[in-house]
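>>> sequence and predicted structure, then a few things I'm wondering about:
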Amino acid sequence: MPNFAAVMPEVGRIELQDVGEPRVGPRDALVRIEAVGVCGSDTAYFTVGSIGDYVVDGPIVLGHECSGEVVAVGAEVTRVSVGDRVAIEPGKPCRDCSECMAGRYHLCLALEFFATPPFDGSLVQRMAIDERQLFPIPDSMSFE
């Protein structure tokens with residue numbers, strides 16, 4: 001089954017590409033993305049190709065404000081289940097450095113943040129995401 005993403009192959013151009021099915025690790029959930037916000041960082045990467053030291057130097061998938069539904073889980077996942085509707089934290093810290101250990105994961109020097117070069121974002125049909133980045137939302141809340 002194809003897994004289409006809105007790929008920016010170069011500044012100022014977006015095209016749909018099949019990026020393949022994501023590999024789901026033991027602590028990952030496969031999430032079908034239902035909503036993605038487009039914010040200032042996305043528009044900056046699209047129009048000028050950089051934000052400060054972060055420079056787009058190859059194809060990238062934009063989008064980091066997202067939500068979706070869990071469609072599969074890895075063998076060690078305990079926090080979410082298939083069918084859960086989730087809000088997604090776009091930053092994945094190392095969880096081992098001094099900043100992470102002090103609860104300041106947003107300062108982690110190894111932080112992998114969606115749609116920040118070189119990491120792809122969430123304008124894609126399905127993503128494998130560490131379960132610790134997923135937060136269940138009630139049925140009464142829209143994905144938007």
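Good, I have the coordinates.

>>> alpha carbons only for contacts and neighbour counts from here, please
OK.

>>> what ranges does this protein have for its helices?
Using DSSP state H, the helices assigned to the chain run over residues 40-47, 98-101.

>>> quick one, which of the ones you listed is nearest to Gly83?
Of all these, it is helix 40-47 that lies closest to Gly83, at 28.8 Å by C-alpha to C-alpha.

>>> what packs against that closest one?
In terms of contacts (3 or more C-alpha pairs under 8 Å, 6 or more residues apart in numbering; DSSP states H and E), helix 40-47 is packed against strand 50-51.

>>> before we move on, back to that, go through the helices of the chain and pick out the most buried.
The highest mean neighbour count among the helices of the chain belongs to helix 40-47 (a mean of 16), with neighbours defined as mean count of other C-alpha atoms under 10 Å.

>>> what's the mean pLDDT across it?
Averaged across helix 40-47, pLDDT comes to 96.

>>> ok now it, how far from the chain's centre?
Mean-position distance between helix 40-47 and its chain equals 16 Å (C-alpha atoms, centre = their mean, to the nearest Å).

>>> what sits up against that helix?
By C-alpha atoms under 8 Å, 6 or more residues apart in numbering, the surrounding residues in contact with helix 40-47 are 8, 11-13, 50-51, 55-56, 62-63, 115.

>>> which two among those are spaced furthest apart?
When those are compared pair by pair using C-alpha to C-alpha, the two farthest from each other are Arg13 and Ile51, 17.3 Å apart.
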